[in-house]
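1. Provided below are the primary sequence and the corresponding predicted coordinates.
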Amino acid sequence: DQNIQETENGIHAKTVFEGSLSENIELKTGAEIIQRSYSQRFFIPSGADYDLGFDEWITAGFGEMDIYASNRFVTRAGVRLEYNNLIHKLSVDPRISLALKTGGQGQFSLAYGRFRQSPKNEFLRINKALGAEKAEHLILNFQVIENNRTFRIETYYKKYDHLIRFENGTPYLLNNQGNGYAKGVELFW
């Protein structure tokens with residue numbers, strides 16, 4: 001006997017500017033806006049209707065630089081600066097990668113980065129104070145592309161922090177105290 005109306009509207013706009021600062025340095029900068037409006041209304045026959053919802057604006061600026069030390073070695077360093085109005089938080093996420101060509105078709109690469117994402121609607125509609133879930137990635141790989149075939153071996157370690165967690169197993173008591181990790185080796189052929 002309950003009527004539930006769920007609505008989500010959003011905008012995602014991004015602009016990127018690219019250019020060369022010199023023969024060996026390329027720069028990419030940009031800005032991004034993500035806006036989400038979410039509402040869930042319950043219409044109950046007894047007249048005890050209620051609303052759950054949130055409005056989130058994320059504004060971000062980013063910069064990334066490719067530095068070519070030689071034809072065989074390149075470094076990419078970047079940073080993302082992000083402000084979330086829902087939790088009134090400014091964050092800085094660095095990223096870096098190094099790549100070395102080993103000959104005609106092979107390449108080693110090492111990458112580190114910090115990333116974040118907003119909690120799912122089902123969690124934010126209950127607790128608007130939840131912060132972004134975070135991840136740090138460290139990845140080392142070797143790849144060969146030859147004769148339209150790709151071989152890649154990769155090892156990784158990923159650390160997760162501020163994950164959404166139910167307090168005492170109760171889905172209406174949420175916090176950002178979850179954490180975890182993933183590590184392993186992958187082969188791709």
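-> Structure received.
2. mind telling me what element E122 is part of?
-> Using DSSP states H and E, the element containing E122 is helix 121-124.
3. in the chain, which helix or strand is least confident?
-> One helix or strand of the chain scores below all others by mean pLDDT, DSSP states H and E: helix 121-124, with a mean of 90.
4. quick revisit: now the helix or strand following the helix holding E122: buried residues?
-> Counting by DSSP H and E, the element after helix 121-124 in chain order, helix or strand, is strand 133-146. Neighbour counts over strand 133-146 (16 or more other CB atoms under 10 Å) mark E133, K134, A135, E136, H137, I139, L140, N141, Q143 as buried. All C-beta atoms are positioned from the backbone trio N, CA, C, and that covers glycine.
5. quick check: bridge partners of the fourth one?
-> The bridge-partner assignment for E136, based on DSSP bridges, gives R114, K159.
6. that one touches R95, doesn't it?
-> No - E136 is beyond contact range of R95, at 10.2 Å (criterion: CB atoms under 8 Å).
7. joint contacts of these two?
-> Y112, G113, R114 (CB atoms under 8 Å, 6 or more residues apart in numbering).
8. out of these, which end up buried?
-> The neighbour count (16+ other CB under 10 Å) marks G113, R114 as buried among the shared contacts of E136 and R95.
9. closest to Q35 out of the shared contacts of E136 and R95?
-> Q35 lies nearest to R114 out of the shared contacts of E136 and R95, by CB to CB, at 23.2 Å.
10. so, low pLDDT: which residues of the protein?
-> 1 (pLDDT under 70).
11. ranges for the strands of it?
-> For the chain, the strands defined by DSSP state E cover 3-20, 25-43, 50-68, 73-84, 89-101, 106-117, 133-146, 149-167, 170-188.
12. much appreciated, bye for now.
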